Each structure stands twice: as structure tokens, then as C-alpha cells.
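> test case, fold it:
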Amino acid sequence: MKSIKVSPPDSYGGEDDIEVFDNWIAGLLRWLRIQNVCRQRKDSLRIDLCGSTLKGLAADWFAEEVESFHRSIDEWQFEDIICALYKHFIHRVTAQSAADKYKKTKFIKAEGALAFYNNLKCHANHMVQRPDDYSFRRDFLLGLPQDLVENLMKSRRVSAEHTPIEILLEEVKAMESNLLAIENHRQSRHEASHSKSAPMVPPRQTSQTYRAVRFVRRENSRPERPSVTRTGNSTRPGSSSQPPRNNDRG
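Now for the predicted structure:
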């Protein structure tokens, strides 16, 4: 079986952001597992590969504290380097922001309960001290819509005190689907009844009037030409055109 080629994770540059740091750690550990660089016997190789995924201030710190001849610690362990990077670049105020994001996480109806659960869990994992299971279940139910929680407690008898989070999440998703189906059915019935009760609108008539035009065919007739009577060099209308007779024969 050929070895799988996987690109290294995005480099960490010393950002004071707990989410950026956690994403870098997750990508680094995944990359090391795929490359089969695990366990204590390969710790020196893990340290070298860890240094290759750093940049900026983090790379400068690694070169000064881990690789320099003047380093204060001669032999580093991989886990110790990760902890030192966290302590050096992630401040308490930044870590506290994850707790603030956890408290400000809101349910959005367009995204649904599953997205709300994932966001809440993501912010909880980034906190310095993660909430215990009961607190997390309680915060999850408190963030859901009131009608959804009431139907859950009445019909499914779930609670933050006695229901595991896996079962609680499945019950929430099922109840959310049922309420959405009921809402769609109610809206469809409302639209159907509204369309039946609406008055029939007669077709619109235009006010334009049409006039019938008759074409009369006229016969072509030529007018009669008047007779012309000539007198000397001139002619008059109505006179005969024959010359005068001479009565003298002698």
C-alpha cells in the first residue's frame, strides 16, 4: 500500500486567538497520525515537524527557545512545546473571550437546533475550563425556544438533570421537525381557505369601441362633352360646326 500524501496544516504565526491555536493543534496532530509519527520514540521528529508548521513570531520563539544553542531547556518534549506555545501567545483575556462567546450563543430558527448545539459545543471546547455535563445540558435547553422545550417536557419527559446529552439532542431534533411540519400544515390550510373565500374577479373589459366602416364602390362615368359652334375664327358653345350655306348660285 502506497503512503498517503497529505499536505501539512496551516502554519501558526503566534496569533492571540484561541480558536486559531486550537485549529492549528488539531491539524498538526492529524497530520502526524497520518504520517505515522507517533509515540515517544519519534518525539524528536515530531518536534522538528512541529517547528516546520510555525511562522512569524511563533517561528522566532521556536528558533530561540528550542533550537538555539543558548536555549534554557536542553531537552524538549513535544507536549511541553505545545504547552509553552499556548502560555506564551494565548493571554487570559483571549481565553476569557471564548467564555463570553459561549454565553452569547443564540438559537437561530433558520439554522435549527443542531447548529445551535454545535456552536455552543465549539465555544465550550475553547474555554479554559469547560462546563460540566449538567451545566451544558441546562444551557442548551435554556437557549431553545419555549414552545419546543415545553412540548419536550410534556410529551417526552426530558430534563437537564436526568437525560444524557445524546438522547436530549435526538429528542430536540425530532420535536423540532414535528413542530415545523405542523406549522407548514397550518400555513397550507390557511392559504387554501383564503383562496376559496376570495371573490371571483370578472375578466376586465376594455372601454375601447369599434366603428364599422363601409366602403362604397363608385362607378366611373365620363361627363358629356358640350357642342361647340364656330363663328369665323372663334367657336361658341351650342353652335353647329358646319359652315353656312351660300344661297347665291349666280
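
> where are the low-confidence patches of this protein?
Scanning the chain for pLDDT under 70 picks out the ranges 1-4, 95, 196-250.

> what ranges does it have for its helices?
All helices of the chain, identified by DSSP state H, fall at 18-34, 43-52, 56-62, 78-89, 92-103, 113-125, 133-143, 146-151, 165-197.

> tell me which of the ones you listed lies nearest to residue 6.
Closest of the helices of the chain to residue 6 is helix 18-34, at 4.9 Å (criterion: Cβ to Cβ). Using the backbone N, CA and C atoms, a C-beta is placed for each residue, glycine as well.

> pull out the buried residues from the closest one.
18-22, 24-25, 27-28, 31-32 (16 or more other Cβ atoms under 10 Å).

> let me know the angle separating that helix from helix 92-103.
Angle of helix 18-34 versus helix 92-103, following axes from the mean of the first three to the mean of the last three Cα atoms, to 10 degrees, is 90 degrees.

> now helix 18-34 - C-alpha only, PDB.
Output of helix 18-34 as PDB, limited to C-alpha atoms (Å, rounded to 0.1, in the frame of the first residue of the first chain):
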ATOM      1  CA  ILE A  18      -7.700  30.500  21.000                       C
ATOM      2  CA  GLU A  19      -9.700  29.200  18.000                       C
ATOM      3  CA  VAL A  20      -6.800  29.700  15.600                       C
ATOM      4  CA  PHE A  21      -4.500  27.900  18.100                       C
ATOM      5  CA  ASP A  22      -6.900  25.000  18.500                       C
ATOM      6  CA  ASN A  23      -7.300  24.600  14.800                       C
ATOM      7  CA  TRP A  24      -3.600  24.500  14.300                       C
ATOM      8  CA  ILE A  25      -3.100  21.900  17.000                       C
ATOM      9  CA  ALA A  26      -5.900  19.700  15.600                       C
ATOM     10  CA  GLY A  27      -4.400  19.900  12.100                       C
ATOM     11  CA  LEU A  28      -0.900  19.200  13.300                       C
ATOM     12  CA  LEU A  29      -1.900  16.100  15.300                       C
ATOM     13  CA  ARG A  30      -4.000  14.800  12.400                       C
ATOM     14  CA  TRP A  31      -1.000  15.200  10.100                       C
ATOM     15  CA  LEU A  32       1.300  13.400  12.400                       C
ATOM     16  CA  ARG A  33      -1.000  10.500  12.800                       C
ATOM     17  CA  ILE A  34      -1.400  10.100   9.100                       C
END
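
> tell me the angle of it relative to helix 113-125?
Interaxial angle of helix 18-34 relative to helix 113-125 (the same axes, to 10 degrees): 90 degrees.

> rewinding a little: can you redo the helices of the chain as a markdown table with distance to residue 68?
Formatted as a markdown table, those follow (distance: least, Cβ to Cβ, whole Å):
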| stretch | distance to residue 68 |
| --- | --- |
| helix 18-34 | 22 |
| helix 43-52 | 12 |
| helix 56-62 | 9 |
| helix 78-89 | 14 |
| helix 92-103 | 27 |
| helix 113-125 | 34 |
| helix 133-143 | 43 |
| helix 146-151 | 58 |
| helix 165-197 | 47 |
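
> between those, which one is nearest to residue 71?
Closest among these, using Cβ to Cβ: helix 56-62, at 10.3 Å.

> and the contacts of that closest one?
Residues outside helix 56-62 that contact it (Cβ atoms under 8 Å, 6 or more residues apart in numbering): 11-14, 50-51, 54, 81, 85, 88-89.
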